[in-house]
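[1] Okay, sequence plus prediction incoming.
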Amino acid sequence: QVQVVESGGGLGQAGGSLRLSCAASGRTVSRYVMAWFRQAPGKEREFVAAISWSGISRDYADSVKGRFTISRDNAKNTVHLQMNSLKPEDTAVYHCAVRNDYILVRGWYEYDYWGQGTQVTVSS
């Protein structure tokens with residue numbers, strides 16, 4: 001079993017930055033894909049970014065490409081999401097997810113372990 005805990009959410013301003021972190025524990029996750037998803041009120045959960053176990057392969061949703069950066073530290077079993085140039089439409093609960101596989105995918109249903117989420121609110 002893998003436990004996933006997010007941190008770093010909060011209130012940001014449009015044009016500003018926030019950094020989210022996710023810590024995974026319980027099993028060695030260094031060879032797993034890790035990703036971020038988000039869900040705004042009344043909307044479906046959507047893919048934000050994913051990173052391979054090596055950190056070499058990364059995938060971003062078009063809506064965040066060029067503004068968000070995903071990174072990981074396998075020694076600490078952590079993944080980070082640096083969010084720059086924030087927009088009000090980035091407001092959502094952000095979830096960290098771990099996939100017990102090597103292949104990057106965007107479907108939330110293909111991820112095996114989830115955190116409870118952290119709220120990000122961006123004011124205009």
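    On my side now, so go ahead.
[2] Tell me if I'm right that Ala24 and Asn77 touch.
    Yes: between Ala24 and Asn77 there is a contact at 4.7 Å, judged by C-beta atoms under 8 Å. For every residue, glycine as well, the C-beta is placed using N, CA and C.
[3] quick one, which of these two is more surrounded?
    Ala24 (24 against 21; other C-beta atoms under 10 Å).
[4] All the strands of this protein, residue numbers only.
    Assigned strands in the chain, in chain order: 3-7, 10-13, 18-25, 33-39, 46-51, 58-60, 68-73, 78-83, 92-99, 113-114, 118-123 (criterion: DSSP state E).
[5] Mind putting the ones you listed into JSON lines with distance to Gly107?
    Compiled in JSON lines, the strands of the chain are given as follows (distance: least, C-beta to C-beta, whole Å):
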{"stretch": "strand 3-7", "distance to Gly107": "17"}
{"stretch": "strand 10-13", "distance to Gly107": "28"}
{"stretch": "strand 18-25", "distance to Gly107": "19"}
{"stretch": "strand 33-39", "distance to Gly107": "10"}
{"stretch": "strand 46-51", "distance to Gly107": "8"}
{"stretch": "strand 58-60", "distance to Gly107": "12"}
{"stretch": "strand 68-73", "distance to Gly107": "17"}
{"stretch": "strand 78-83", "distance to Gly107": "18"}
{"stretch": "strand 92-99", "distance to Gly107": "10"}
{"stretch": "strand 113-114", "distance to Gly107": "13"}
{"stretch": "strand 118-123", "distance to Gly107": "21"}
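[6] No further questions, thank you.
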